[in-house]
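# A predicted structure for the sequence below; I have some questions about it.
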Amino acid sequence: MTSPIRTERDENVLVIVSDNPPVNALGQAVRAGLVAGIEEALGDDSIEAVVIRCDGRTFFAGADITEFGKPPQVPSLPEALDRLEASDKPVVAAIHGTALGGGCEVALACHYRVAVPSAKLGLPEVKLGLIPGAAGTQRLPRLVGAEAALPLVAIGDPIPAKKAQAIGLVDEIVGEDSLAADAVAFARSKIGQPAPRASDGDANRDGVKNPAIFDEFRQKNARKMRGFDAPNAGIAAVKAAGELPYADGVKRERELFASLMGGTQSKAMRHYFFAERAANKIDDVPADTPLIPVKKVGVIGAGTMGGGIAMNFLSAGIPVTILEMAQDALDRGAATMRRNYENTAKRGRMTADQVEAAMSLLTPTLDYADLADCDLVIEAVYESMDVKKQVFAKLDEVVKQGAILASNTSYLNIDEIATATQRPGYVLGLHFFSPANVMKLLEIVRGAETRDDVLATAMKLAKKIGKVAAVSGVCPGFIGNRMLSKRQEQANQLIMEGANYWDVDDVLLEFGFPMGPFQMGDLAGIDIGWHRDPSKVTTVREALCAAGRFGQKAGKGFYDYDEARNRTPSDEVKAIIADFAAKEGNEQRDISKDEIRERLLYPMVNEGAKILEEKMAQRASDIDVVWINGYGWPLYTGGPMFWADTVGFDTVVAGLEKHGLPVSDHLRAKAAAGAQFTG
Ligand code: NAD
């Protein structure tokens, strides 16, 4: 096998070049090649400086993830990098594309770093539940200071070359098209000067002088970091860089790394990394299925969902025609979209020009004829089969043949909706989540007759608008809402049996969800779908509505809210619930948080098993993708199915039985076989 690393001479400079497509991952052969390259330079008196550069689209973009969990192969990355750094001839990293993870650590071990303006540098290990493991957490703070290192190590977002230069991570920005030559010239200019080593740096003293920066950072990012182990380990490693000599700091990094690598969170996050990629594939649809070009999109209904859905396409530069029943609803919808864009601009995430560019692609209309030349139309009208069928019949009449007709329904049967048309093969569900311009998930619902090219096009489009897609078969509520219903059923039942509704919310919060079901109800509005007759009260929700407790927007729902939207359990609601419980003749008892957690989550796992048994999901990991992206299931537990694997099927089955809840045959069989959903 030929080495992915070659060396080229440019007079007195040796250029070590990696050619390991697609991303120059730092596998064993690359590491060995780097060491051989540096030895060649050191053993040759005619060489006075070294440049490390990569062919292809990027500098080393990280470790070779396929080597994770396998026996380590020498040289390890830390060893290879120590050899590079020890060189007494200046070594320059020439960076284009992305220097990520191990790639950034290579750059840190070099004595100098030059980068093209479009390059990005970062340590995203934290996103896989890890911290850098090749001294990145020790070299970086010594080079740029603890304060600048913290977000890179503990949040993991890459930074552009210019920012990297501003913090001292990059020494010089060079020409976009002249990296190779500029890097050699830069290296030559450093000949004869003592090689500056990041491991010798003392910028990390900032964290020693002002140790408060670590807590301040933790507080500022508390929401992002909640529940995750790796960011805290990252902060500890950066702090150690100021407190310990370099060699001890490296040891500390290694310990923290090893404990994360062996822990459940990182396993869960690596599972998710692969799950997201797997969800993109539809097993029985060939990868080379021709796609339907989508140049113009129609949206029916400019309400909560229609507006958000339209924004996805506008932001991606695809024109949208949006249709409503009446002018005022149309105007309101368009105004809401503009306001949302302007708010984004206010927060600095869009320019005023971009707002105008997006809005200029929007055509509001009341006339179906304006949808005739759309390539895709997405319906987001009321959740009523009759209304949806009327809309699809109309679309079938006016929209050109070959166009895709999609419904955003939450629960309804896509196959039945398709019968309203003469082209059921072109009908599918595109289930967005609220707010549709923000939430990452797109559930793609495959009807019995949905064509392969329609599905493949939907998948591709999802990517284009920045969504994570997962395919579901046709069943009530599809993957996500079908499982949510089981959780909601238990939440409602629990409070009838004596559980405090705030305890139910808190259990999910403590598990890692952003909020519980009753908080979610308050946020969405208790009055969604309410019949608006205060004299007709048959459920707790109807009683809340009758009392004007519509949720956060009314300042009160299940909870009372203060101006800062802090919630306090309400005596009025406690009385309403107690009243209903008494009417239903429910005996009240103290219910432990353990019971609450088991009764909320185990039935979801059971429903997931049924979804798999019925082949409504292609794979268990797709269910995890749905729940992590659509419902805030904590990423660090890997999603409901991965989580069930870590809890153990026996425990889940025993828990369901203990609480008198149904156990599916599939789950029971899996438990008996000692099987797993994932992995
Ligand atoms: P909404 O009431 O906010 O909006 C519906 C809009 O459709 C209204 O503006 C209404 O005027 C318009 N409309 C109704 N009938 C129409 C017709 N025949 N022609 C044209 N326009 C018509 O409702 P929403 O929350 O946006 O929900 C829309 C759909 O999306 C429903 O099927 C719902 O189940 C689904 N959905 C909602 C959510 C959510 O969280 N709100 C999430 C996912 C899916």
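Good, I have the coordinates.
# Could you check the pLDDT of the residue of the stretch 51-200 of the chain found nearest the ligand?
Distances between the stretch 51-200 of the chain and the ligand by Cβ to the nearest ligand atom are smallest at Lys127, namely 27.3 Å. (Each C-beta comes from the backbone N, C-alpha and C, glycine too.) In the predicted model, Lys127 carries a pLDDT score of 97.
# give the contact list for it.
Contacts for Lys127 (Cβ atoms under 8 Å, 6 or more residues apart in numbering) come out as 156, 269.
# cutoff 7 Å now
Gly156 (Cβ atoms under 7 Å, 6 or more residues apart in numbering).
# how near is it to Trp627?
For Lys127, the distance to Trp627 equals 18 Å [Cβ to Cβ, to the nearest Å].
# Backbone torsions only: list them for Leu430.
phi -120, psi 90 (degrees, to the nearest 10).
# Quick check: it vs the ligand, distance?
10 Å (Cβ to the nearest ligand atom, to the nearest Å).
# Now do the same contact list for the residue lying closest to Leu509 once chain neighbours are set aside.
Excluding the flanking residues, the one nearest Leu509 by Cβ to Cβ, 6 or more residues apart in numbering is Gly516, at 5.9 Å. Shown in contact with Gly516 (Cβ under 7 Å, 6+ apart): 504-506, 508-509.
# Looking at the residues you listed, spot the one nearest Lys388.
Proximity of these to Lys388 (Cβ to Cβ) peaks at Leu508, which lies at 31.8 Å.
# so how many other residues sit close to whichever residue of the stretch 251-400 of the chain sits closest to the ligand?
Nearest residue of the stretch 251-400 of the chain to the ligand: Gly303, at 1.8 Å (Cβ to the nearest ligand atom). For Gly303, the count of nearby residues is 15 (other Cβ atoms under 10 Å).
# re earlier: list buried residues within the contacts of Gly516.
By neighbour count, with 16 or more other Cβ atoms under 10 Å, the contacts of Gly516 hold 504-505, 508-509 as buried.
# Quick check: the residue of the stretch 551-679 of the chain found nearest the ligand vs Leu484, distance?
Sorted by distance to the ligand under Cβ to the nearest ligand atom, the residues of the stretch 551-679 of the chain start with Gly630, at 9.3 Å. Going from Gly630 to Leu484 by Cβ to Cβ gives 9 Å.
# Please say which of these two ends up with more neighbours.
For Gly630 versus Leu484, the count of surrounding residues by other Cβ under 10 Å is larger for Gly630: 23 against 19.
# Just the mean pLDDT for the one helix or strand Pro141 maps to, thanks.
Element membership of Pro141 [criterion: DSSP states H and E] is helix 136-144. The average pLDDT within helix 136-144 is 98.
# which helices and strands does the helix or strand following that helix pack with?
The element immediately downstream of helix 136-144 (helix or strand, assigned by DSSP H and E) is helix 146-154. In this structure, helix 146-154 makes packing contacts with helix 136-144, helix 205-209, helix 212-220, helix 230-243, judged by 3 or more Cβ pairs under 7 Å, 6 or more residues apart in numbering; DSSP states H and E.
# got the residues of the protein near the ligand?
Within the chain, the residues that sit near the ligand (Cβ under 6 Å from any ligand atom) are 300-306, 323-325, 329, 380-383, 387, 391, 408-410, 432-434.
# Kindly give a single PyMOL line that selects the buried subset of the residues you listed.
A single PyMOL command selects the buried members of the residues of the chain next to the ligand (16+ other Cβ under 10 Å):
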select buried, resi 300+301+302+304+305+306+323+324+329+380+381+391+408+409+410+432+433
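# In strands, which of the residues of the chain next to the ligand fall?
300, 323, 432 (DSSP state E).
# OK, contacts around the first one?
What that stands for is Ile300. Here Ile300 is in contact with 306, 323, 377, 379-381, 391 (criterion: Cβ under 7 Å, 6+ apart).
# same thing with the last one?
For Phe432, the set of contacting residues under the criterion of Cβ under 7 Å, 6+ apart consists of 305, 308-309, 408, 442.
# Save the residues you listed as a markdown table, and put in pLDDT too.
Listed next are the contacts of Phe432 as a markdown table, based on pLDDT from 0 to 100:
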| residue | pLDDT |
| --- | --- |
| Met305 | 97 |
| Gly308 | 98 |
| Ile309 | 98 |
| Asn408 | 98 |
| Leu442 | 98 |
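# Val454: how many residues sit nearby?
28.
# helix, strand or coil for it?
Following DSSP: H, G, I helix; E, B strand; the rest coil, we place Val454 in the helix state.
# Next, the contact list for it, please.
Counted by Cβ under 7 Å, 6+ apart, Val454 has contacts 292, 404, 425-426, 428.
# Find the helix or strand that the closest residue in space to Ser410 that isn't next to it in sequence is a member of.
Spatially, and ignoring its direct neighbours in sequence, Ser410 is nearest to Asn481 (5.6 Å; Cβ to Cβ, 6+ apart). Per DSSP H and E, Asn481 falls inside helix 480-496.
# How about Glu587?
With DSSP H and E as the test, Glu587 turns up in no helix or strand.
# From Lys658, how far out is it?
18 Å.
# more neighbours, these two?
For the pair Glu587 and Lys658, the greater number of neighbours falls to Lys658 (12 against 7), based on other Cβ under 10 Å.
# Give the burial count for the closest residue to that one other than its chain neighbours, as a bare number.
Nearest residue to Lys658, sequence neighbours excluded (Cβ to Cβ, 6+ apart): Glu598, at 7.8 Å. Counted by other Cβ under 10 Å, the residues lying close to Glu598 total 22.
# so the residue in the stretch 101-250 of the chain that the ligand sits nearest to, which of the three states?
Residue nearest to the ligand within the stretch 101-250 of the chain: Arg223 (22.1 Å; Cβ to the nearest ligand atom). Secondary structure for Arg223, judged by three-state DSSP, is helix.
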